[in-house]
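1. quick one: sequence plus predicted model below, questions after.
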2 protein chains.
Amino acid sequence: MSLPSSSLTQIIEEYIAQLLEENEVGEVSLRRKDLAERFGCVPSQINYVLRSRFAPENGFLVESQRGGHGYIKVIQLTFNNCDEEVVHLADLVGNAITEQESRKLLVNLQNRDVISPRERLIIEVALRSQEENGRSIFDVSPYRRDLMRAELLKKILTSLALG
Amino acid sequence: MSLPSSSLTQIIEEYIAQLLEENEVGEVSLRRKDLAERFGCVPSQINYVLRSRFAPENGFLVESQRGGHGYIKVIQLTFNNCDEEVVHLADLVGNAITEQESRKLLVNLQNRDVISPRERLIIEVALRSQEENGRSIFDVSPYRRDLMRAELLKKILTSLALG
DNA sequence: ATAATTTTGGTCAGTATAAGTCAAGGATAT
DNA sequence: ATATCCTTGACTTATACTGACCAAAATTAT
């Protein structure tokens, strides 16, 4: 209902997004200090924008270097074989998913060449690591572990879907 | 707004990299003084480039000799077994690793085609997810988060090596 | 032969620059 | 009201580059 609120963060986000569009390559290099000056804010505001808007979960990679000739590079990954199918699958994951179900899902995705064997391996290791930590270090209940597994899986799948 | 200018270091790096490409052997001999003259800098700048860009963790070896007819030889390591290298890199991760360090490592691995952009993205999502959970749900101390990050990263890299 | 000299490269500490982190407080939405 | 999102600034860390001084290998002089 409310009119589009334009926070600084949003404005900077749109600016960077536009730069990305203009650059054919899908990546753009920035100077944190210059950006901050342009938008009249402290430099760390830029970090906030990057962390909250150009996160890997959203299909972006950020590289940077400090010191002399420092820079921040924002890369938008685009995958040609990315389908809305993947988004659908993220829906399939739902709120909670068991280890068994997730494994079945990943096998399925690999069989349909949506993800590569290596990618599946990485995902399984990540899920399993979270499961182990939740179980033996943080004493998370089984159901809550299913919730967390769903969260992580969705993050990964949507990151691959965006582009 | 000025775009990041490329540093002297980067220019010299590219020059050496090109020499390496031209030489089929994967190695090239240089004169420190000549290089410094060519790029209008002090000789020790060359050492800086070698240390920061052609280090062993980047897959290079550097040999040199002082005195008359002295030289600097840059050798590009070629792993006949790419997996072997990934194991080596798991060692590089060490016991603890910061978010910054891990990102740098992943950029490096991708640049060297050890992992693909998609694989890097998945790994970053997984690391970030663990970080977030550790910080805001389980109240894990910063150092312990560095330990956990190293654990997860090593698990993933070694799984890729053994896969 | 040996010592002096010359020709290379190495190291380190200092300076300047630029990005990252964190926590506290303010603004906004629910 | 409260939870989430946004914004700020003090403090920390990383990188680039220079110059003064050090070390080693070859050449030349004695």
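-> Perfect, I can see it now. Numbering: from 1, shown residues only, chains lettered A, B, ... in the order given.
2. mind checking the SS state of the residue in chain A that DNA strand D sits nearest to?
-> Going by C-beta to the nearest atom of the strand, DNA strand D is nearest to A:Gly67 of chain A, at 2.4 Å. For glycine as for every other residue, the C-beta is placed from the backbone atoms N, C-alpha and C. Using DSSP: H, G, I helix; E, B strand; the rest coil, the structure places A:Gly67 in coil.
3. who's in contact with it?
-> For A:Gly67, the contact set (C-beta atoms under 8 Å, 6 or more residues apart in numbering or on different chains) is empty.
4. quick check, A:Ile75 in contact with A:Glu63.
-> Yes: if you go by C-beta atoms under 8 Å, A:Ile75 and A:Glu63 touch, sitting 7.1 Å apart.
5. who's more crowded, the two?
-> A:Ile75 (20 against 17; other C-beta atoms under 10 Å in any protein chain shown).
6. quick one: pLDDT of the residue of chain A closest to DNA strand D?
-> A:Gly67 carries a pLDDT value of 97.
7. next: A:Ala36.
-> For A:Ala36, the pLDDT comes out at 98.
8. helix/strand/coil for the residue nearest the centre of chain A?
-> The structure's chain A has its C-alpha centroid closest to A:Glu57; by C-alpha atoms, centre = their mean the separation is 1.0 Å. Under three-state DSSP, A:Glu57 falls in the helix class.
9. report pLDDT for it.
-> At A:Glu57, the pLDDT value in this model is 93.
10. for it, give its distance to B:Ile122.
-> With distances taken as C-beta to C-beta, to the nearest Å, A:Glu57 is found 11 Å from B:Ile122.
11. list residues touching both of these two?
-> Contact criterion C-beta under 8 Å, 6+ apart; residues shared by A:Glu57 and B:Ile122: A:Ser159.
12. how much space between the residue of chain A closest to DNA strand D and B:Ser7?
-> Distance from A:Gly67 to B:Ser7, by C-beta to C-beta: 9 Å.
13. can I assume A:Leu162 is in contact with A:Ala55?
-> No: assessed by C-beta under 8 Å, A:Leu162 is found out of contact with A:Ala55, at 10.6 Å.
14. tell me the confidence at the residue of chain A found nearest DNA strand C?
-> Per C-beta to the nearest atom of the strand, A:Gly70 is where chain A lies closest to DNA strand C, at 2.9 Å. A:Gly70 carries a pLDDT value of 97.
15. OK, contacts around it?
-> Residues in contact with A:Gly70 (C-beta under 8 Å, 6+ apart) are A:Arg31, A:Arg32, A:Ser64, B:Pro4.
16. I'd like those as a markdown table, with neighbour count, secondary structure and distance to B:Glu24 appended.
-> As requested, those are exported to a markdown table (neighbours: other C-beta atoms under 10 Å in any protein chain shown; DSSP: H, G, I helix; E, B strand; the rest coil; distance: C-beta to C-beta, whole Å):
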| residue | neighbour count | secondary structure | distance to B:Glu24 |
| --- | --- | --- | --- |
| A:Arg31 | 20 | coil | 39 |
| A:Arg32 | 18 | helix | 41 |
| A:Ser64 | 18 | strand | 35 |
| B:Pro4 | 16 | coil | 33 |
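17. which of the residues in stretch A:16-27 are classified as buried?
-> Neighbour-count burial for stretch A:16-27, counted by 16 or more other C-beta atoms under 10 Å in any protein chain shown, picks out A:Ile16, A:Leu20, A:Glu27.
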